[in-house]
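A.B. asks: coords please:
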Amino acid sequence: MSRRKWLLAVLAVLMVVVILSALGTLVPPVSDAPPRAVFQAKAIVEACEAYRDNPTNPERGKYPSTLIELVNPPFGGPPFLRNGEADLFDPWGKQFEYAVKTDTEGNTEVSVWTERIVDGKLKLLGAKRTTTGKIELFGLPDE
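C.D. replies: Numbers count the residues shown, from 1 in each chain. This next block holds a predicted model:
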């Protein structure tokens with residue numbers, strides 16, 4: 001291959017790279033952070049249930065008073081979260097919120113969520129174990 005043909009081939013490849021790069025900047029990136037936050041919240045709800053049902057828990061049947069107890073259980077043993085304390089933070093670096101509510105009939109609902117501002121509006125992303133025992137996810141992008 002002559003030097004001239006080789007230079008033309010390299011130039012053509014560079015032009016294709018430049019055009020594809022320019023087109024790539026026109027398409028906004030799709031973030032997987034909101035669904036990741038929701039599924040992280042679900043994993044924390046499930047960890048709360050494992051904590052509640054753990055046979056070494058002297059207060060078996062009770063949920064942790066704070067989420068940090070999932071990392072350092074007061075009754076000892078390994079953490080209930082795979083990545084330890086890192087799992088308590090959403091994809092944006094904010095700590096998840098946590099609430100346990102018991103109704104007058106003794107039914108308990110556990111919620112774990114994070115908050116985001118989307119288009120100027122507050123949006124909650126998370127999961128909750130309802131009083132019927134079902135885990136509901138909320139804040140997914142299609143909602």
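A.B. asks: Spell out for me which residue occupies the centre of this structure.
C.D. replies: residue 37 (2.2 Å; CA atoms, centre = their mean).
A.B. asks: Just confirm it contacts residue 115, I think it does.
C.D. replies: No. Contact between residue 37 and residue 115 fails when scored by CB atoms under 8 Å: they sit 10.0 Å apart. For the C-beta atoms, the positions are set from N, CA and C on the backbone; glycine is no exception.
A.B. asks: so what sits against both of these two?
C.D. replies: residue 125 (CB atoms under 8 Å, 6 or more residues apart in numbering).
A.B. asks: rewinding a little: check which helix or strand covers the residue nearest to the centre of the chain.
C.D. replies: For residue 37, the host element (DSSP states H and E) is helix 33-53.
A.B. asks: elements contacting that helix?
C.D. replies: Helices and strands touching helix 33-53, by 3 or more CB pairs under 8 Å, 6 or more residues apart in numbering; DSSP states H and E, are strand 108-118, strand 121-129, strand 135-138.
A.B. asks: who does the longest one pair up with?
C.D. replies: Yep, that's strand 108-118 we're talking about. Within its sheet, and counting by DSSP bridges, strand 108-118 is paired with strand 97-102 (antiparallel), strand 121-129 (antiparallel).
A.B. asks: Outside of that strand itself, which residues are in contact with it?
C.D. replies: Identification of contacts with strand 108-118 by CB under 8 Å, 6+ apart yields 34, 37, 41-42, 44-45, 48-49, 63, 67, 90, 92, 94, 96-103, 122-131, 138-139.
A.B. asks: Tell me the buried residues within those residues.
C.D. replies: Buried residues within the contacts of strand 108-118, counting neighbours by 16 or more other CB atoms under 10 Å: 34, 37, 41-42, 44-45, 48-49, 63, 67, 90, 96, 98, 123, 125-129, 139.
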